[in-house]
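*Asks:* Sequence below, structure please.
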Amino acid sequence: MLRTASLRLAPLVLALASTAAGFAHAQGGSVAATPTQVRPEVDKAYTQLMASPAIQKLLEAVKADHDRSVEDLKMLTEIEAPPFKEQKRAEAFLARMKALGLADAKIDAEGNVVGLRKGTGNGPKLLISAHLDTVFPAGTDVKVKERDGKLYAPGISDDTRGLAVLLSWLKVLNDNKIQTVGDLLFVGNVGEEELGNLRGIKAIFRDNLDIDGMVGLEPAPDGSVLMLGTGSHRYEVTFKGPGGHSYGAFGQVPSAIHGMGRAIAKIADIRTPSFPKTTFTVGTVGGGTSVNTIAPDARMAVDIRSDEMAPLLETEKKILAAIDEAVAEENKRWNVNTLSVSTKLIGDRPGGRTQSDTVIVEAATRSNAAFGHKTLLTGASTDANVPMSLGIPAIIIGGGGKTGGFHALSEWIDVTDGWKGAQNSLVTVLGLVGVQGTSAPLLEKRPPRTK
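*Replies:* Here you go, the predicted structure:
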């Protein structure tokens, strides 16, 4: 176990600034104080790595591989990967992983692409991942278009860039025969977006009980380190009644839409704490059959989020109670009991946090400093929610390049000098797992979890 003594980062490093926009899905702004000190072991590891001729050669290889990596980016982007329909992209990603040296890589039962690059032994196992799916439905034009120095295509930055960077890392590590001490579990996972409900990363942690930490790649500015996982619950709410003619049945039957309207009004009046940030919304509504029909059915979808699970669950309790009260009031209005409601949990993203004084955050902070970036600690809902909820250290960092237009048809990436971010994040990873003959692993090897 690493000691808790600390060493101040160089004042020059701390004075350096970087852009601080947020992650693709981030709420924006800092969510914790950035470490101004790191353990001596952390400082030593990154000093050794950056001074190593083999690592400097490796970083030059990342730069040299940039153009080829962009071709991987374009190829993968042009294979559509809607939620629950990621198979074709998964197959292409698997083929590239095998071609670059992970002969035993495979697609698991959930649809994730998984390949293990073994270390020299007795080191930690670090999951490094990017998600295969995008938010865009089947049939979306995903052809990459270049203009004004940028590449435009739906999903090109979120998160296809992450996939391309993983492949580049695999290539340069193998080409340069870099032996890590710990194992690197390369994963292209499914189900990060929308109602995918983190199914891919949940399966990874269900089936691999010996993972000691996670570093995920998402579009993010240099220096950003996501260490807070915003939890969320989503509900599909369905109101059912007998329905009837708007004139002939008036006064005899309740309206499903009126009941839903009462529920929405009650939900809108619920108050939540500003810290930890806790939010809700009725995101979609529908129902009814015609303008002159007392609606026999109505439905709505509710999203509830919080940076901590306790206020999320309290808000959820209030919302579900408001729905029941609204149905009771609509029935009472007409002296009936024929309006009913059912709720279905359609999204369950557990929340969590990797504390800012943990080794994995300090490692990212020290690596950022080595590349001239001040660290900004952020939060959002990502694949890292799952390990965080299990108490496993996890962060999300960027893979390089300037990005924008997330979840829009106009999504873009500027890959100019994107290799710099790929270098930075790779060095973060190498410090955590250690490099044979250069540095010891920083990430603690944990006892395997039990199911």
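*Asks:* Now do the same for stretch 245-265: mean pLDDT, whole number.
*Replies:* The pLDDT scores in stretch 245-265 average 98.
*Asks:* Span of it from start to end?
*Replies:* Stretch 245-265 has an end-to-end distance of 25 Å (C-alpha to C-alpha, to the nearest Å).
*Asks:* Show residues contacting it.
*Replies:* Stretch 245-265 has contacts (C-beta atoms under 8 Å, 6 or more residues apart in numbering) with 237, 239-244, 282, 285, 287-288, 291-300, 322-323, 325-327, 329-331, 333-334, 336, 338-339, 341. For every residue, glycine as well, the C-beta is placed using N, CA and C.
*Asks:* Distance from stretch 272-281 to the middle of the chain?
*Replies:* Its chain's C-alpha centre and that of stretch 272-281 lie 20 Å apart, by C-alpha atoms, centre = their mean, to the nearest Å.
*Asks:* in that stretch, what counts as buried?
*Replies:* The neighbour-count check on stretch 272-281 (16 or more other C-beta atoms under 10 Å) flags T272, P276, K277, T278, T279, F280 as buried.
*Asks:* Columns distance to V142, secondary structure and pLDDT on top of those, output as CSV?
*Replies:* CSV is the format used below for the buried residues of stretch 272-281 (distance: C-beta to C-beta, whole Å; DSSP: H, G, I helix; E, B strand; the rest coil; pLDDT from 0 to 100):
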residue, distance to V142, secondary structure, pLDDT
T272, 37, coil, 98
P276, 37, coil, 94
K277, 33, coil, 95
T278, 35, strand, 97
T279, 31, strand, 98
F280, 33, strand, 98
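*Asks:* still on that earlier bit, okay, and which of the contacts of stretch 245-265 map to helices?
*Replies:* Among the contacts of stretch 245-265, the residues falling in helices (DSSP state H) are A322, I323, E325, A326, V327, E329, E330, N331, R333.
*Asks:* What's the first helix or strand after the lowest-mean-pLDDT helix or strand in the chain?
*Replies:* Least confident element among the helices and strands of the chain, by mean pLDDT, DSSP states H and E: helix 11-15 (a mean of 30). Of the helices and strands lying after helix 11-15 in sequence (DSSP states H and E), the nearest is strand 37-38.
*Asks:* Strands of the stretch 101-250 of the chain, residue ranges please.
*Replies:* 106-107, 113-117, 125-131, 145-147, 150-152, 183-189, 213-217, 224-229, 231-240, 244-245 (DSSP state E, counting those that start in this stretch).
*Asks:* Next, format those as CSV and append distance to R206 and mean neighbour count.
*Replies:* Converted to CSV, those look like this (distance: least, C-beta to C-beta, whole Å; neighbours: other C-beta atoms under 10 Å):
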stretch, distance to R206, mean neighbour count
strand 106-107, 16, 15
strand 113-117, 13, 23
strand 125-131, 13, 26
strand 145-147, 39, 10
strand 150-152, 35, 19
strand 183-189, 12, 26
strand 213-217, 14, 26
strand 224-229, 17, 28
strand 231-240, 18, 21
strand 244-245, 48, 16
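*Asks:* which one of these lies closest to T403?
*Replies:* strand 150-152 (9.4 Å; C-beta to C-beta).
*Asks:* ok, that closest one: who's next to it in the sheet?
*Replies:* Counting by DSSP bridges, the strands paired with strand 150-152 are strand 145-147 (antiparallel), strand 412-414 (antiparallel).
*Asks:* Could you tell me how far K266 is located from G421?
*Replies:* Between K266 and G421 the distance is 46 Å, computed by C-beta to C-beta, to the nearest Å.
*Asks:* How about the contacts made by E78?
*Replies:* V142, K143, V144, A153.
*Asks:* Pick out the most distant pair among those.
*Replies:* The two members of these with the most space between them (C-beta to C-beta) are V142 and V144, at 7.7 Å.
*Asks:* Which of those two has more residues huddled nearby?
*Replies:* V142 (20 against 17; other C-beta atoms under 10 Å).
*Asks:* surely the more buried one meets P82?
*Replies:* No: with contact defined as C-beta atoms under 8 Å, V142 does not count as touching P82 (10.2 Å).
*Asks:* Mind listing the shared neighbours of those two?
*Replies:* Here V142 and P82 have F136 as joint contacts, going by C-beta under 8 Å, 6+ apart.
*Asks:* hmm, back to that, would JSON lines of the strands paired with strand 150-152 with distance to R262 be doable?
*Replies:* JSON lines is the format used below for these (distance: least, C-beta to C-beta, whole Å):
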{"stretch": "strand 145-147", "distance to R262": "48"}
{"stretch": "strand 412-414", "distance to R262": "44"}
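*Asks:* Pipe the ones you listed into a markdown table and attach distance to K44 and mean pLDDT per row.
*Replies:* Output for those, formatted as a markdown table (distance: least, C-beta to C-beta, whole Å; pLDDT from 0 to 100):
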| stretch | distance to K44 | mean pLDDT |
| --- | --- | --- |
| strand 145-147 | 43 | 97 |
| strand 412-414 | 35 | 98 |
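*Asks:* ok, L132 to N335 distance?
*Replies:* Going from L132 to N335 by C-beta to C-beta gives 54 Å.
*Asks:* Could you measure from V181 over to L126?
*Replies:* V181 sits 11 Å away from L126, going by C-beta to C-beta.
*Asks:* Give the residues shared as contacts by the two.
*Replies:* In contact with both V181 and L126: V433, using C-beta under 8 Å, 6+ apart.
*Asks:* picking that back up, out of the ones in helices among the contacts of stretch 245-265, which are buried?
*Replies:* A322, I323, A326, V327, E329, E330, N331.
*Asks:* I'd assumed E236 was in contact with the second one.
*Replies:* No: counting by C-beta under 8 Å, I323 sits too far from E236 to count as a contact (11.8 Å).
*Asks:* any common contacting residues for these two?
*Replies:* The contact sets of I323 and E236 overlap at T343 (C-beta under 8 Å, 6+ apart).
*Asks:* Off-centre distance for stretch 130-149?
*Replies:* Distance, stretch centre to chain centre, for stretch 130-149: 18 Å (C-alpha atoms, centre = their mean).
*Asks:* Over to stretch 192-212?
*Replies:* Averaging C-alpha positions (C-alpha atoms, centre = their mean) puts stretch 192-212 11 Å from its chain's average.
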